[in-house]
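[1] Fold the following and give me the result.
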Amino acid sequence: MSFKNITVAELLPLLEAGKVKLVDVRTDAEVVQGFIKGASKLPLHLLPMRLQELDAAFPTVFYCQMGGRSAQAAAFAANQGMADVYNLQGGITAWAQSGGEIAA
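    Predicted coordinates for the structure are as follows:
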């Protein structure tokens with residue numbers, strides 16, 4: 001199984017329609033600097049222990065700062081049998097640059 005990369009422009013309509021779960025895999029120290037509203041926080045190093053908390057049947061988008069760690073998270077989740085898995089290209093940096101709201 002594999003994951004797909006998704007752009008901010010592709011993500012926006014899915015979020016508005018409530019069709020994806022957003023998961024922030026950054027560290028707590030990074031998250032306190034701001035996150036995408038509605039995202040669940042699940043640091044990358046805890047993903048192997050907490051993957052079962054995610055709904056394997058519901059489309060899930062992972063993001064981090066730039067897209068590297070979330071690609072690792074998406075690959076891991078896909079390999080564990082999650083079906084609809086996405087990596088936000090450029091991470092929260094791309095989200096912010098495109099005018100996306102950052103929650104505190």
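[2] Every contact and neighbour count from this point should use C-alpha atoms.
    Will do.
[3] quick one: buried residues of stretch 20-36?
    20, 21, 22, 23, 24, 25, 26, 31, 35, 36 (16 or more other Cα atoms under 10 Å).
[4] Taking those residues, tell me the two that lie furthest apart.
    Taking Cα to Cα, the two most distant members of the buried residues of stretch 20-36 are 20 and 31; they sit 19.8 Å apart.
[5] so what's residue 31 up against?
    residue 24 (Cα atoms under 8 Å, 6 or more residues apart in numbering).
[6] Tell me the spacing between it and residue 22.
    As judged by Cα to Cα, to the nearest Å, residue 31 and residue 22 stand 14 Å apart.
[7] now the strands for the chain?
    4-6, 21-24, 35-36, 40-41, 60-63, 85-88, 102-103 (DSSP state E).
[8] Worst mean pLDDT among those strands?
    The weakest mean pLDDT among those belongs to strand 102-103, with a mean of 94.
[9] Give the other helices and strands that it contacts.
    strand 35-36 (3 or more Cα pairs under 8 Å, 6 or more residues apart in numbering; DSSP states H and E).
[10] Okay, now the unreliable bits of the protein?
    1 (pLDDT under 70).
[11] Geometric centre of it: which residue is closest?
    residue 62 (1.7 Å; Cα atoms, centre = their mean).
[12] so who does it touch?
    Residue 62 touches 22, 23, 24, 25, 70, 71, 73, 74, 85, 86, 87, 88, counting by Cα under 8 Å, 6+ apart.
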